[in-house]
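> I need the structure of the sequence given here:
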Amino acid sequence: DKAVTTGGNLFLELVKQNMLEVSGLEAGFTKFLENFEDYVCDAPKSMEWFPQIIALMINAEILSLKIFAEAEGSIKEGWKLEEFFGFSTTFLVRTLSVLQIENKKSSSEYLKEAGLDIRSLAEDDVALDKLLVEYKVTL
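You can find the predicted model right below:
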């Protein structure tokens, strides 16, 4: 989607022009992830858009999956695959899917660099495995 790419490129350009500090961007996205499940209810397309934007910034080496690790403590319940299929877990898997398509690194490498163990985040391995298959993510 052109608008999503344009939005991601805007963040990149703001950092490049020193109009936005990486630390501010990290803090903003960490805060966003802490409240992500509320955003998805209000804007369901955010589940599609933001993995692309975050992947774009990870590819530019501005962000890393550490933002998920930093947010994880405050949204622990959202990481679990519950009745409504925890949006935060799905968001992480979608982000891995985009990264896996666009890069030579494996999803496992990204998770390891961020200090994330996706299996410990989801209490239901069967549901997590289905999600990984659905988005073609290999660990």
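> Would you mind listing where this protein has pLDDT under the threshold?
Along the chain, the model assigns pLDDT under 70 to residues 72-87, 122-123.
> List the single closest residue to W49 in space, sequence neighbours excluded.
Closest residue to W49 apart from its sequence neighbours, by Cβ to Cβ, 6 or more residues apart in numbering: V4 at 4.8 Å. To be clear about C-beta, it is placed using only N, CA and C from the backbone, and glycine gets the same treatment.
> Enumerate every residue touching that neighbour.
Neighbouring residues of V4 by Cβ atoms under 8 Å, 6 or more residues apart in numbering: 48-49, 52-53.
> Just the buried ones from the residues you listed?
Among these, the ones that count as buried by 16 or more other Cβ atoms under 10 Å are 49, 52-53.
> quick check, nearest of those residues to E21?
Using Cβ to Cβ, I53 comes nearest to E21 of the buried ones among the contacts of V4, at 17.6 Å.
> how would you label the closest one: helix, strand or coil?
Three-state call for I53 (DSSP: H, G, I helix; E, B strand; the rest coil): helix.
> got a list of what the residue nearest to it when sequence neighbours are not counted touches?
The shortest distance from I53 to any non-neighbouring residue, by Cβ to Cβ, 6+ apart, is to G8 (4.1 Å). G8 makes contact with 52-53, 56-57 under the criterion Cβ under 8 Å, 6+ apart.
> Show me which positions of the host helix or strand of G8 end up buried.
Assigned by DSSP states H and E, G8 falls within helix 2-16. With burial defined by 16+ other Cβ under 10 Å, the residues of helix 2-16 counted as buried are 4, 8, 11-12, 15.
> how close does the residue of the chain positioned farthest from its centre get to G24?
Largest separation from the mean C-alpha position in the chain: Q17, at 24.5 Å (Cα atoms, centre = their mean). Per Cβ to Cβ, to the nearest Å, Q17 is found 14 Å from G24.
> Kindly report the same for S64.
S64 is 15 Å from G24, by Cβ to Cβ.
> Between the two, which is the more surrounded one?
More neighbours surround S64 than the other of S64 and G24, with 15 against 11 (other Cβ atoms under 10 Å).
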